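Student: predicted model, plus sequence, below.
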2 protein chains.
Amino acid sequence: MNEIKNSALLTDLYELTMAASYFEHGMNETAVFSLFVRRYPPNRRYFVSCGLKEVLDYLVELQFTEDDLEYLESTGFFKSDFLSYLENFKFHGDVHALPEGTIFFEEEPILEVTAPLIEAQVIETFLINTINLQSMIATKASRCIHAAGGRSLVDFSFRRTQGIDASIKVAKASYIAGFLGTSNVLAGKQLGIPVYGTMAHSFVSSFDKEIDAFRAFAQTFPENSILLVDTYDSLSGTLKAAQVGKEMAGRGEHLKGIRLDSGDMAELSQKARHILDEHGLKNSLIFASGAFDEYKIQKILSQKAKIDSFGVGTKMGVSSDAPYLDMAYKIVKYNSEPVVKLSPGKISLTSDKQVFRFLSSKKLYDHDVIACREENLEGAVPLLVPVLTGGKTIYDSPPLSEIQNQFRENFSRLPEKYKAINKKGPLYPVKISEKLRNLQKKTIDKYKHREIQ
Amino acid sequence: MNEIKNSALLTDLYELTMAASYFEHGMNETAVFSLFVRRYPPNRRYFVSCGLKEVLDYLVELQFTEDDLEYLESTGFFKSDFLSYLENFKFHGDVHALPEGTIFFEEEPILEVTAPLIEAQVIETFLINTINLQSMIATKASRCIHAAGGRSLVDFSFRRTQGIDASIKVAKASYIAGFLGTSNVLAGKQLGIPVYGTMAHSFVSSFDKEIDAFRAFAQTFPENSILLVDTYDSLSGTLKAAQVGKEMAGRGEHLKGIRLDSGDMAELSQKARHILDEHGLKNSLIFASGAFDEYKIQKILSQKAKIDSFGVGTKMGVSSDAPYLDMAYKIVKYNSEPVVKLSPGKISLTSDKQVFRFLSSKKLYDHDVIACREENLEGAVPLLVPVLTGGKTIYDSPPLSEIQNQFRENFSRLPEKYKAINKKGPLYPVKISEKLRNLQKKTIDKYKHREIQ
């Protein structure tokens, strides 16, 4: 039934062919790999980490099934001794990572893996895929939250997320960033995220008259009706909704609100507010949907729109202005030796590391220092925490609502200048410790000397 | 284990609350819903249909499990008689659809559902999600194929697709559009798509010296080695690869090729070709990867790059310049009455329809006519075919390789002017039949008269 579950085959072929060659040459010493984002996408100056829970679930359960091995054999790429090795394959490594909901910056390690080379290699694709999607969406969603200035947001993106898995992860990442909930029923069931919904145009169209549709819905959901008013004309629709709202009030019920979905939202929302108020429906809310993201929310609110809550869909759900992050997973140490690649524009920071965050006297984020893992910078908070040791989880992922609270607190400590919606604000200062800088220089020099002819 | 499988809860909450209200009011007459794309995204003048197979699998297996119903009950939105109704819920409708690999245009129905209202309603989210993603990627991938002018392309997008489900669907959609295969091992296993791979920088970094890494890989894969040459310096790396290629030739083996992944690809590829040729490796190919999409492929080839094959990753895998389609699923008929919504900019075509394609004397696509379903336009091919009747599949999805062939044939019939990469070409002519035009006018007039105050 078109089922997707975690599988050791959720990987690129080259991870396995490299593993086969490592195996053949007896190369399986301890390696350290580091996961980070190289550069900010447009209009971003921070990121929000998300996806660690799924990575940990994957790592502790990783194994090749008999079926998987049969398939690999059928490709003709692999020898039988390597396939036998995969039969008992497990992940035995250590992982340090940023807890979900941590604010981080470009070039900072989000997660570092210390494991036998083959184990650290074959997990690359899944790790990037998982952390990239969720961190990208949590970042985008946090921008929507910031633009909305306290108004509530609901994830309406399911129909246009890039696939089913993405729909669940978007519901999760946007919830962590502060969304009230999601329209996605399976995400509600699987992750305990509150579910919300209104009605579609098809509901209105199915009835002879718009007002019949409104009355029917109000009858079924006397406390939970948000009436969609733009099927034919938004203000005509609002008048009918107001009439139904009055009828409900007469029965001791309450019209929760109306939804606008097209047209000039600033003007329509002001007029709709006026209509509702005049009908004694001051407590009925105005919801808006239709191509909202942080840019459109900011614009519409600057035009004094009277909107209480936004349904935020497609553009958040695919992070449309930045639909991927330049995220990489690079080997930084092998067999105790620091390594580095020198490809133009892609030089990464060598060795196992820690990120230290310094706060200002007002407890705002002041600057970070990326240092060697064993360093200890006084007065700073180390951000990467040990989450897996010897392949065993030593970290309990908190409930999503707790991560949401933690993120809200973190976000309040990030100075406003780094949260600009429409432009690139200043760069948050991320420094490299002297020790790491020296090691980096030494390592680059070694490879330049050794490899470039 | 973070498992995603088809589930009746893969839907927006409002589909189910609307269904509950329909149920309460005994409204379950036959409805027709139509799925289409409203408008072209930037630089597109055609689409490629993809995703029907997954929709059919979903529809025939659709049911609410006991677990699902318990969750729905726990939300407090639903009454017990509606939940009882869902216990035996199945999809009993008819579906007409474009076969996968069909070229279509904006406003044309891709799929139409004729079913009891509730059944047609609750499937909306899954249908849009599935067809939107796959058609968007098949379209993007076909543009890459077009730009590459016969050079082979491989899907390298897995690490940055938006989730796991997307990774599989991207492998499928790009294969249908003409890609040679994918790096995605699970897609290879599940869908029988050929898998390809080279090596990563980490492989090179794990060895003391770059040339040791090349020799080790060549030893493990004497017929399948594509050596990544840019870990330290692309031309130094190519020289070492060429030396290993000569050693292989001496053993009667063959270096399949090298991969460039950074730098000025036009210049580097010319120099690398020269180095390989001078070492007697004229049959060793040059692969290139790194942010390729149709735009970069076109540009690099116009600069006379000597590239035989491209690894096409992130930008294709998320359709980065158009990460969603403006796809909608609208009710067009209820209880035998045509319906239409009038929201500004979102008026859709009423009633059940057929798309007729007219060919020129040279058998090229000339123009389409959208007509009422029952019309029969002589000399034209009707594109929507019946795929499901009374909830039962009456259509066998062809093997992917056959769809790929069929698409290649279709694409050759689409005139070049609609395939422009860098600009909006002319609009392919899509006309509305007189009968449908009259029905549309009559229906709009009815609703304007009835609903707008």
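Tutor: Everything's here; your move. Numbers count the residues shown, from 1 in each chain, chains lettered A, B, ... in the order given.
Student: buried ones in the longest helix seen in chain A?
Tutor: Identified as the longest helix of chain A according to DSSP state H is helix A:124-148. The neighbour-count check on helix A:124-148 (16 or more other C-beta atoms under 10 Å in any protein chain shown) flags A:124-148 as buried. The way it works is simple: take the backbone N, C-alpha and C, and place the C-beta from them, glycine included.
Student: what of stretch A:404-417?
Tutor: A:404, A:406-407, A:410-411, A:414.
Student: of those residues, closest to residue A:232?
Tutor: residue A:404 (38.5 Å; C-beta to C-beta).
Student: wait, the closest one sits on residue A:178?
Tutor: Yes. Contact status for residue A:404 versus residue A:178: in contact at 6.3 Å, counting by C-beta atoms under 8 Å.
Student: still on that earlier bit, chain B next: which of the buried residues of helix A:124-148 are close?
Tutor: Within the set of these, contact with chain B (C-beta under 8 Å from any C-beta of the partner chain) is found for A:124-125, A:128-129, A:132-133.
Student: in the stretch 201-350 of chain A, which spans are strands?
Tutor: Along the stretch 201-350 of chain A, the stretches classed as strands by DSSP state E, counting those that start in this stretch are A:226-228, A:257-260, A:285-288, A:309-312, A:327-334, A:337-338.
Student: would TSV of those strands with mean neighbour count be doable?
Tutor: Converted to TSV, these look like this (neighbours: other C-beta atoms under 10 Å in any protein chain shown):
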stretch	mean neighbour count
strand A:226-228	27
strand A:257-260	26
strand A:285-288	23
strand A:309-312	25
strand A:327-334	23
strand A:337-338	17
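Student: which stretch among the ones you listed comes nearest residue A:270?
Tutor: That would be strand A:285-288 among the strands of the stretch 201-350 of chain A, by C-beta to C-beta, at 9.6 Å.
Student: any part of that closest one near chain B?
Tutor: No. Strand A:285-288 stays clear of chain B (C-beta under 8 Å from any C-beta), getting no nearer than 11.7 Å.
Student: please pick out the residue of chain A most distant from its centre.
Tutor: residue A:250 (44.7 Å; C-alpha atoms, centre = their mean).
Student: and chain A, what are its domains?
Tutor: A:13-137+A:322-451, A:143-317 (automatic domain parsing).
Student: hey, which of those domains is tucked in deepest?
Tutor: Among these, domain A:143-317 has the highest mean neighbour count (mean count of other C-beta atoms under 10 Å in any protein chain shown), at a mean of 22.
Student: now that domain: mean pLDDT?
Tutor: Averaged across domain A:143-317, pLDDT comes to 97.
Student: follow-up on the earlier one: so can I have a markdown table of the buried residues of stretch A:404-417 showing secondary structure?
Tutor: Output for the buried residues of stretch A:404-417, formatted as a markdown table (DSSP: H, G, I helix; E, B strand; the rest coil):
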| residue | secondary structure |
| --- | --- |
| A:404 | helix |
| A:406 | helix |
| A:407 | helix |
| A:410 | helix |
| A:411 | helix |
| A:414 | coil |
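Student: make JSON lines out of these and add pLDDT.
Tutor: Shown next, in JSON lines, are these (pLDDT from 0 to 100):
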{"residue": "A:404", "pLDDT": "98"}
{"residue": "A:406", "pLDDT": "98"}
{"residue": "A:407", "pLDDT": "98"}
{"residue": "A:410", "pLDDT": "98"}
{"residue": "A:411", "pLDDT": "98"}
{"residue": "A:414", "pLDDT": "98"}
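Student: tell me the one of those nearest chain B?
Tutor: Ranked by distance to chain B (C-beta to the nearest C-beta), the buried residues of stretch A:404-417 are led by residue A:404 at 19.6 Å.
Student: and the closest one, how far from residue B:38?
Tutor: Residue A:404 sits 35 Å away from residue B:38, going by C-beta to C-beta, to the nearest Å.
Student: repeat for residue A:113
Tutor: For residue A:113, the distance to residue B:38 - C-beta to C-beta - is 45 Å.
Student: again, but for residue A:202
Tutor: In terms of C-beta to C-beta, residue A:202 sits 16 Å off from residue B:38.
Student: walking through the stretch 1-150 of chain A, point out its strands one by one.
Tutor: A:30-37, A:47-48, A:94-97, A:103-104, A:111-116.
Student: of those, which is nearest residue A:436?
Tutor: Closest among the strands of the stretch 1-150 of chain A, using C-beta to C-beta: strand A:30-37, at 12.0 Å.
Student: what helices or strands is that closest one leaning on?
Tutor: strand A:111-116, helix A:117-122, helix A:124-148, strand A:327-334, helix B:201-206 (3 or more C-beta pairs under 8 Å, 6 or more residues apart in numbering or on different chains; DSSP states H and E).
Student: for residue B:85, find the nearest of the domains of chain A.
Tutor: domain A:143-317 (13.4 Å).
Student: end to end, how far does that closest one reach?
Tutor: 13 Å (C-alpha to C-alpha, to the nearest Å).
Student: want to throw the helices and strands packed on strand A:30-37 into JSON lines with distance to residue B:47?
Tutor: JSON lines is the format used below for those (distance: least, C-beta to C-beta, whole Å):
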{"stretch": "strand A:111-116", "distance to residue B:47": "38"}
{"stretch": "helix A:117-122", "distance to residue B:47": "36"}
{"stretch": "helix A:124-148", "distance to residue B:47": "25"}
{"stretch": "strand A:327-334", "distance to residue B:47": "29"}
{"stretch": "helix B:201-206", "distance to residue B:47": "37"}
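Student: of those, which is nearest residue B:97?
Tutor: helix A:124-148 (29.2 Å).
Student: ok now that closest one, how far from the chain's centre?
Tutor: 2 Å (C-alpha atoms, centre = their mean, to the nearest Å).
Student: surely residue A:394 touches residue A:385?
Tutor: No. In this structure, residue A:394 is not within contact of residue A:385 by C-beta under 8 Å, at 9.3 Å.
Student: quick one: the residue nearest to residue A:296 when sequence neighbours are not counted from residue A:383, how far?
Tutor: Leaving out its chain neighbours, the residue that sits closest to residue A:296 by C-beta to C-beta, 6 or more residues apart in numbering or on different chains is residue A:315, at 7.9 Å. Separation of residue A:315 from residue A:383 (C-beta to C-beta) stands at 30 Å.
Student: likewise for residue A:159?
Tutor: 36 Å.
Student: likewise for residue A:263?
Tutor: Residue A:263 is 45 Å from residue A:383, by C-beta to C-beta.
Student: equivalent analysis for residue A:8, please.
Tutor: In terms of C-beta to C-beta, residue A:8 sits 30 Å off from residue A:383.
Student: and for residue A:22?
Tutor: 31 Å.
Student: over to residue A:169?
Tutor: 22 Å.
Student: so what's the closest residue in space to residue A:21 that isn't next to it in sequence up against?
Tutor: Distances taken as C-beta to C-beta, 6+ apart place residue B:220 nearest to residue A:21, at 3.9 Å, with adjacent residues excluded. Neighbouring residues of residue B:220 by C-beta atoms under 8 Å, 6 or more residues apart in numbering or on different chains: A:17, A:20-21, A:24-25.
Student: how does it look with 10 Å?
Tutor: The contact partners of residue B:220, taken as C-beta atoms under 10 Å, 6 or more residues apart in numbering or on different chains, are A:17-18, A:20-25, A:77-79, A:82.
Student: make TSV from those and add pLDDT and distance to residue A:255 to it.
Tutor: Listed next are the contacts of residue B:220 as TSV, based on pLDDT from 0 to 100; distance: C-beta to C-beta, whole Å:
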residue	pLDDT	distance to residue A:255
A:17	97	62
A:18	97	61
A:20	98	65
A:21	97	67
A:22	97	65
A:23	98	67
A:24	97	71
A:25	97	71
A:77	97	63
A:78	97	64
A:79	97	70
A:82	98	66
